[in-house]
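Undergrad: Predicted coordinates and the sequence they were generated for:
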Amino acid sequence: MSQTHRDRPWVFRTYSGHSSARASNALYRGNLAKGQTGLSVAFDLPTQTGFDSDHPLARGEVGKVGVPIGHIEDMEALFAGIPLDRMNTSMTINATAAWLLALYVAAAERSGVTASQLSGTTQNDIIKEYLSRGTYVFPPEPSMRLTTDIVAYTVANIPKWNPINVCSYHLQEAGATPTQEIAFAMANAIAVLDAVRARSDVPAEAIPDVVGRISFFLNAGIRFVEEICKARAMAELWDEITAERYGVADPVLRRFRYGVQVNSLGLTEAQPENNVIRIVLEALGVTFSKRARCRALQLPAWNEALGLPRPWDQQWSLRIQQILAYETDLLEYEDLFDGSHVVEKQTRALIDSAKEELARVAKMGGAVAAVESAYMKQQLVAANTRRLREIESGERTVVGVNAYQETEPSPLTAGQSILVVDGSAERDQVESLRAFRAKRSAGEVTSALRALDDAIVSGHNAMPVSIRAAHAGVTTGEWADALRKRFGEYRAPTGVVAGESSAATGDTESVRKRVRVLASRLGRPLKLLVGKPGLDGHSNGAEQIAVRARDVGIEVVYEGIRLTPAEIASSARDEGVHVIGLSILSGSHGVLVVDVLERLRAAGCGDLPVVVGGIIPEEDARALREAGVARVYTPKDFDLTRIMDEIVDVVALQAGEAPAQRAAGERSP
């Protein structure tokens, strides 16, 4: 009996990192022992946005959503005992990607591994940060320069490295339709390749090699048939673009190479056990079709709508991949969808609609221009608004959320069902950072920073001097501050433009009437400040709250991401708002919300009601309410019109008015 041929599986990854480099190293080594075949590093927000752990803006954020990396010794500790010459490492890092890659190269060199032996990926897609994820630092033009510095350096010196993961994942998380996800990702890739082609240090004959190192990072939602067609459409369109626009003759270099994390946006807090089957089905969307199969896959854990997953939760997601790859016969066949008229028709429709959208972006001057004009951001906010309204109306069914809500108690959520980062992690990291600064050579650091500044001013590639700076003991904050001094900082458009919509449901119109009546009694329009304190850049929820508030007639003050508690308090006082809504998704709510409350009291606004939204465990929600927060909302609170109604209650109570009368069983203030 002849042995059945099986294709090689994709790379198994788990996106992880928390607390400290040593704790994350233990997690990585444990996952590798369980059969994970590549690493995917999650960095904390101060690292992603270029702040040292003792910076005021880092307060409450250290080690929460990823690992803090402040200097080369942190990077060495992160990969201790892991052979970097045999490891494929993906780093989700963008604004500070050049620095984290420099630290990785320097740590490898200290372990006896040369840069040319390394393999892996830096996400390094700064354009989508302005649109969805929010960890940008510098304006678009110098940011694109850093992106192409990495591309030029790695193609010449780290041939097995993917210098950029053009990342449509976060576009879908921000509400992008499949057409938008395809078109905006391709526009981003074109912007990067055009910028690389314009560099004097990248010869024309190197462009095919550059194209061959470009990879993508996709999302895969629950509509897995549509996701199969999307991946096939992107593969076909990428082949066409690279052949026609960049003249790449070798079809191998034109291959659409992509990794995936399946959808986190669709994971639910309500009945979270349902998320397991969602994750499995979403994995099929990027593994079924051989012609468009992912090269690497990382699956979220079932409980990520509740908080950080534990090692056991991540193991479950890894086992899903292993069972799919090794127990099923998926890898034994040619493409299952070749010749399917249904798949071909849908794929062609996606290609055609994506080309139309891509042409619109090109007419504006390309992706960077479409970011600066807010076009792409506004399109994403509008698409997400439509998605949420479909869920609220019941047009889009989400099991356990807006349908089939009856449930037995879940044994999975009994007791502690998430990982809680120890509050001492931040203090320990700060102490470690200060000890490192005290023992390094100040002269070497000063010299390295001077060389970095010279390279930035003269237009030379930032990678070689950054690697030198890593060896010299420069910290993450010092590296970023050197660039801030030359490039400045940037605040991207929010994309929130909606006022009252022409079409309104009965519930929406009812809330509008309540807003008008209350405004009349207050003597001026009802006014809400939507604030995002700290470094969390995931602004989708805040944007939708702002859109819905304006839709029901509330005046909204929303200045975007990355505000300090002091800035929020000052804005609330100066704008004369009636209520403040805080959105925090990074797990730092316990620190930042209390800081905002204290700043409000100091500004003479301690009586202003505050509501908070985020991924907040019930125990934390109780503590916030005891601290003075009027309302706490979590992902299970999907009805935004209902939230607006309750915000009106909060303001009415503060003004001495009676809240709305509701039927028995409905939520009351």
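TA: Structure's in. What do you need?

Undergrad: Domain-wise, how is this protein divided?
TA: The record's domain split for the chain, according to automatic domain parsing, is 9-84+101-122+409-493, 123-303+315-396, 506-654.

Undergrad: Mean neighbour count, mean pLDDT and distance to residue 95 added to these, as CSV?
TA: Placement of C-beta: from N, CA and C, glycine included. Formatted as CSV, the domains of the chain follow (neighbours: other Cβ atoms under 10 Å; pLDDT from 0 to 100; distance: least, Cβ to Cβ, whole Å):
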stretch, mean neighbour count, mean pLDDT, distance to residue 95
domain 9-84+101-122+409-493, 20, 96, 6
domain 123-303+315-396, 20, 96, 4
domain 506-654, 20, 95, 10
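
Undergrad: I'd like those as CSV, with distance to residue 403 appended.
TA: What follows is those, written out as CSV (distance: least, Cβ to Cβ, whole Å):
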stretch, distance to residue 403
domain 9-84+101-122+409-493, 18
domain 123-303+315-396, 7
domain 506-654, 12
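
Undergrad: Would you confirm that residue 41 belongs to a strand?
TA: Yes. Residue 41 sits within a strand when classified using DSSP: H, G, I helix; E, B strand; the rest coil.

Undergrad: any idea of the pLDDT on the residue nearest to it when sequence neighbours are not counted?
TA: Nearest non-adjacent residue to residue 41, counting by Cβ to Cβ, 6 or more residues apart in numbering: residue 91, 4.8 Å away. We have a pLDDT of 97 for residue 91.

Undergrad: Make residue 1 into 423 and carry on from there
TA: Right, with 423 as the first residue, what we last looked at is residue 513.

Undergrad: Give me the neighbour count for residue 513.
TA: Using other Cβ atoms under 10 Å, residue 513 is surrounded by 23 other residues.

Undergrad: For residue 581, see how far away the residue nearest the centre of the chain is.
TA: Nearest to the geometric centre of the chain sits residue 555, at 4.1 Å (Cα atoms, centre = their mean). Look at residue 555 and residue 581: by Cβ to Cβ, to the nearest Å, they are 28 Å apart.

Undergrad: Which one of the domains of the chain lies nearest to residue 731?
TA: Ranking the domains of the chain by proximity to residue 731 (Cβ to Cβ) places domain 545-725+737-818 first, at 3.4 Å.

Undergrad: Do me a favour and get the end-to-end distance for the closest one?
TA: Terminal residues of domain 545-725+737-818 lie 32 Å apart, using Cα to Cα, to the nearest Å.

Undergrad: Next secondary structure after the longest helix along the chain?
TA: Across the chain, the longest stretch assigned as helix under DSSP state H is helix 763-786. Per DSSP states H and E, helix 763-786 leads on to helix 789-794 as the next helix or strand towards the C-terminus.

Undergrad: Give me the helices and strands touching the strand or helix carrying residue 698, please.
TA: Taking DSSP H and E as the definition, one finds residue 698 inside helix 697-706. Here helix 697-706 touches helix 646-666, strand 680-684, helix 733-748, going by 3 or more Cβ pairs under 8 Å, 6 or more residues apart in numbering; DSSP states H and E.

Undergrad: List the contacts of the nearest residue to residue 1052 once chain neighbours are set aside.
TA: Nearest residue to residue 1052 in three dimensions, chain neighbours excluded: residue 1031, at 4.3 Å (Cβ to Cβ, 6+ apart). By Cβ atoms under 8 Å, 6 or more residues apart in numbering, the contact set of residue 1031 is 1000-1002, 1052, 1072-1073, 1075-1076.

Undergrad: Could you pull up phi and psi at the residue nearest to the centre of the chain?
TA: Taking degrees, to the nearest 10, you get phi -100, psi -30 for the backbone angles of residue 555.

Undergrad: what do you get for residue 545?
TA: Per degrees, to the nearest 10, the backbone of residue 545 is at phi -60, psi -60.

Undergrad: where along the stretch 473-622 of the chain do the strands fall?
TA: 510-514, 541-544, 583-584, 586-589 (DSSP state E, counting those that start in this stretch).

Undergrad: What strands line up against the second one, and which way round?
TA: For strand 541-544, the paired strands and their directions (DSSP bridges) read strand 510-514 (parallel), strand 583-584 (parallel).

Undergrad: Touching the shortest one from outside, list them.
TA: The reference is to strand 583-584. Taking Cβ under 8 Å, 6+ apart as the rule, strand 583-584 contacts 540-544, 576, 635-637, 679.

Undergrad: rerun at 10 Å
TA: Here strand 583-584 makes contact (Cβ atoms under 10 Å, 6 or more residues apart in numbering) with 510-512, 523, 526-527, 537-538, 540-546, 572-573, 575-577, 634-639, 679, 681, 717-718.

Undergrad: Hmm, residue 451 and residue 503 touching each other?
TA: Yes. Judged on Cβ atoms under 10 Å, residue 503 makes contact with residue 451 at a distance of 6.3 Å.

Undergrad: shared neighbours, those two?
TA: Between them, residue 503 and residue 451 share no contacting residue, judged by Cβ under 10 Å, 6+ apart.

Undergrad: re earlier: dump the helices and strands packed on helix 697-706 to JSON lines, plus distance to residue 460.
TA: Shown next, in JSON lines, are those (distance: least, Cβ to Cβ, whole Å):
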{"stretch": "helix 646-666", "distance to residue 460": "20"}
{"stretch": "strand 680-684", "distance to residue 460": "9"}
{"stretch": "helix 733-748", "distance to residue 460": "11"}
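
Undergrad: Compare those and give me the one nearest residue 430.
TA: helix 733-748 (9.4 Å).

Undergrad: Please settle this for me: is residue 951 part of a strand?
TA: Yes. Counting by three-state DSSP, residue 951 falls inside a strand.

Undergrad: Could you give the bridge partners of it?
TA: So, taking DSSP bridges as the rule, residue 951 has residue 979, residue 1002 as bridge partners.

Undergrad: and it, what does it touch?
TA: Residue 951 neighbours (Cβ under 10 Å, 6+ apart): 968, 977-981, 990-991, 993-995, 997-1004, 1030, 1032.

Undergrad: Three-state assignment for the residue lying closest to residue 954 once chain neighbours are set aside, please.
TA: The shortest distance from residue 954 to any residue other than its chain neighbours is 4.7 Å, reached at residue 983 (Cβ to Cβ, 6+ apart). Classification of residue 983 using three-state DSSP returns coil.
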